[in-house]
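Peer 1: Sequence first, then the predicted structure, then my questions.
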Amino acid sequence: MRAVARAHGLPTDDPRVLADGSNVVVHLAPAPVVAKAAASSRAVRDAGAFLARELAVASAVRAAGLPAVAPSDAVPASVHLHDGVAVTFWEHVPRGPAELPAPDRLGAMLADLHAALRASGLALPRLAPLDDIPRFAARDGPTAADERARIGDAYGRIVAALPAAAAGEQPLHGDAHPGNLLPTAGRGWIWCDFEDTCSGPVHWDVAALRRSPRLDGAAAVRAYARASGRDDVGDEALAPWVALRELHVAVWLNLYAERGAPSPAASRAPSTNDSSLP
């Protein structure tokens, strides 16, 4: 990460780690630049492809006028590879008041984000983050075999019962829980961490809002339904997606443990642009 930063003339004398989980996120102080390098994500995915999609989607969201962290303009907005590690660079966002918006506001923000993503015309792979689950279950690694088998079996049962792809599917944030909103000074709350962006039913994103322990998820989903005009995001429709979310979180908690990294939910600094959980 530091070698890539130096190659582009960025300071590396006072780096400040903001998060260490699926990615290592570092503020390259004193520059207003954040470097994001693939870490645990390399165990189950082509991190470069995910980070490239994140750059494209974040740029499209900003172009649509929605609040989102932007790629840094100090470095070319692309994935930089060094010794097999994928690195991207982002604007550093100073911290603002940390109190979350009300659930009604959060639901409306997600509806606005979905509208902008629908209009973006971006072509994204369908539900790409879900591939992490069977890859984790099938790999050899420090996690106990029975835990990997439990996750793999549960995934197979849930996916087998899901409806087929529908015409109403669209580009998604991919990980739209409140931990991926940043409190900023002067800009309010803005979206970040589009690494898991993909296409699919909105239920994948809405389930992240519904299962969050940080707010009244039911109220946020009701607000989303009102703002989006959808009547198909009740708890029954969301149930399999919430279950998949729980499996996805279990995969990443195991990957963090394998690498000896703390859960980002516990270690995340206030102004990072990394999620609390993938």
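Peer 2: On my side now, so go ahead.

Peer 1: so what's the closest residue to Asp231 other than its chain neighbours up against?
Peer 2: In this structure, Asp231 finds its nearest non-sequential neighbour in Ala225, 6.5 Å apart by C-beta to C-beta, 6 or more residues apart in numbering. For every residue, glycine as well, the C-beta is placed using N, CA and C. Shown in contact with Ala225 (C-beta atoms under 8 Å, 6 or more residues apart in numbering): 107, 231, 233-234.

Peer 1: Now Ala225: which helix or strand?
Peer 2: Using DSSP states H and E, Ala225 sits within helix 217-228.

Peer 1: What are the buried residues along the helix or strand following that helix?
Peer 2: Using DSSP H and E, the helix or strand that follows helix 217-228 in sequence is helix 235-259. Neighbour counts over helix 235-259 (16 or more other C-beta atoms under 10 Å) mark 237-238, 240-245, 247-256 as buried.

Peer 1: Flag the shaky bits of the stretch 101-250 of the chain, pLDDT-wise.
Peer 2: Scanning the stretch 101-250 of the chain with the threshold set as pLDDT under 70 gives 167.

Peer 1: so where do the strands sit in it?
Peer 2: For the stretch 101-250 of the chain, the strands defined by DSSP state E, counting those that start in this stretch occupy 170-172, 181-184, 188-191, 198-200.

Peer 1: Packing partners of the first one?
Peer 2: Using 3 or more C-beta pairs under 8 Å, 6 or more residues apart in numbering; DSSP states H and E as the contact criterion, the secondary-structure elements in contact with strand 170-172 are helix 103-120, strand 198-200.

Peer 1: what lines up beside it in the sheet?
Peer 2: The strands that strand 170-172 pairs with in its sheet are strand 198-200 (antiparallel) (by DSSP bridges).

Peer 1: Thr88 - how many residues pack around it?
Peer 2: Residues lying near Thr88 (other C-beta atoms under 10 Å) number 26.

Peer 1: Let me fix that, I meant to ask about Ala166.
Peer 2: Other residues within reach of Ala166, judged by other C-beta under 10 Å, total 8.

Peer 1: Can you tell me how far the nearest residue to it once chain neighbours are set aside is from Leu172?
Peer 2: Spatially, and ignoring its direct neighbours in sequence, Ala166 is nearest to Pro201 (6.5 Å; C-beta to C-beta, 6+ apart). Using C-beta to C-beta, to the nearest Å, one gets 8 Å for the distance from Pro201 to Leu172.

Peer 1: Which pLDDT does the model give Gly21?
Peer 2: In the predicted model, Gly21 carries a pLDDT score of 86.

Peer 1: In stretch 59-78, which residues are buried?
Peer 2: Residues 59-62, 66-72, 75, 77 are the ones in stretch 59-78 that count as buried (16+ other C-beta under 10 Å).

Peer 1: Relative to Asp112, which of the residues you listed is nearest.
Peer 2: Of all the buried residues of stretch 59-78, the one with the least separation from Asp112 (C-beta to C-beta) is Leu66, at 6.3 Å.

Peer 1: Excluding chain neighbours, what is closest to that closest one?
Peer 2: Here the nearest residue to Leu66 in space, its sequence neighbours aside, is Ala116; by C-beta to C-beta, 6+ apart that works out to 5.1 Å.

Peer 1: same deal with Asp20?
Peer 2: According to C-beta to C-beta, 6+ apart, the nearest residue to Asp20 is Ala261 (4.9 Å).
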